[in-house]
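In: Here is the input, now give the coordinates:
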Amino acid sequence: MKAQDLLAILPKGSLLAACTEEQLDDLLERTKLEFAAKREILIHQGDPGDSAIILVTGTARVNMVAANGREIVLDYLGPGTVIGEIALLDGGDRTATVTMVDDGSIMHLTRSQAEDFIFQNPTVALRMLQEMARRLRQMNTTVESDRAFSAGPRLARYLQRLTDAEAANQKLKIDISQSELGHFVGISRENINRQLSAWAEAGLIELDQGKICILDCAALWEIAAMGD
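Out: Numbering: from 1, shown residues only. Have a look, this model is predicted:
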């Protein structure tokens with residue numbers, strides 16, 4: 001893969017999209033594109049953080065198992081995302097597990113490759129800090145949702161995160177079951193089902209064989225902005 005091909009498929013907000021063609025050529029000389037199959041585990045929670053992964057195509061799911069055994073889905077990552085940079089930078093263990101949601105492609109960077117690339121391209125370090133700051137803001141928003149919002153607004157906020165704003169049909173960016181959505185939002189499957197059914201009856205969403213399509217974004221995002 002050439003730098004111009006990589007730039008053509010990266011979303012504008014990705015870390016790599018801020019790189020120049022020369023920087024991406026430098027990166028591609030250090031690593032290679034690999035196929036990543038659906039359900040393939042890219043990173044295991046608790047493993048040593050000795051490398052980073054760049055998600056080039058496809059979607060990946062980030063989850064962790066809490067001390068009480070509860071599974072928590074933290075995020076869904078899209079193309080251009082750098083995965084595992086926290087453990088790579090601080091030398092600690094992986095904080096979460098990352099699994100492919102569908103077939104895609106990735107690039108691996110060892111610690112030495114990543115450090116050398118950043119040293120040779122210091123502007124990438126600034127972009128990485130900006131991306132980590134964005135994720136921290138998102139984490140703060142998630143904590144706010146979990147603690148300050150009731151079930152309906154909380155679910156609406158998570159649906160807003162999963163919705164492709166540029167798509168004409170306003171479908172979610174990934175196909176997600178109600179059980180999976182419950183792990184993501186932190187609400188039981190029964191309550192998820194009850195709330196989605198109520199919104200479907202009100203004409204805010206449409207449920208088609210378990211898939212969610214947003215019909216009235218303005219109304220749903222208004223709910224997302226509400227508190228208790």
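In: Distance across stretch 176-193, terminal residue to terminal residue?
Out: Taking CA to CA, to the nearest Å, stretch 176-193 runs 13 Å from one end to the other.
In: meant to ask about stretch 30-45, not that
Out: Here the two ends of stretch 30-45 are set 26 Å apart, with distance taken as CA to CA.
In: How about stretch 175-193?
Out: Start-to-end, stretch 175-193 (CA to CA) is 16 Å.
In: now that stretch: mean pLDDT?
Out: Mean pLDDT, stretch 175-193: 82.
In: now swap in stretch 91-98 and tell me
Out: Stretch 91-98 carries an average pLDDT of 86.
In: could you point out which element follows the lowest-mean-pLDDT helix or strand in the chain?
Out: None of the helices or strands of the chain scores lower by mean pLDDT, DSSP states H and E than helix 122-148, at a mean of 68. Later in the chain than helix 122-148, the nearest helix or strand by DSSP states H and E is helix 151-162.
In: who touches that following helix?
Out: Outside of helix 151-162, the residues within contact range by CB atoms under 8 Å, 6 or more residues apart in numbering are 76, 141, 145-146, 149, 172-174, 176, 181, 184-187, 191-192, 195-196, 212, 214, 220-221, 223-227. (Glycine included, C-beta is placed from N, CA and C.)
In: do that again at 7 Å, thanks
Out: For helix 151-162, the surrounding residues in contact (CB atoms under 7 Å, 6 or more residues apart in numbering) are 76, 145, 149, 172-174, 184-185, 187, 191-192, 195, 220-221, 223-224, 226-227.
In: which parts of stretch 183-191 are buried?
Out: 183-187 (16 or more other CB atoms under 10 Å).
In: Relative to the whole chain's centre, how far out is it?
Out: With CA atoms, centre = their mean, to the nearest Å as the basis, stretch 183-191 stands 18 Å off its chain's centre.
In: Just the buried ones from the contacts of helix 151-162?
Out: Buried members of these, counted by 16+ other CB under 10 Å: 76, 145, 149, 172, 184-185, 187, 192, 195, 220, 223-224.
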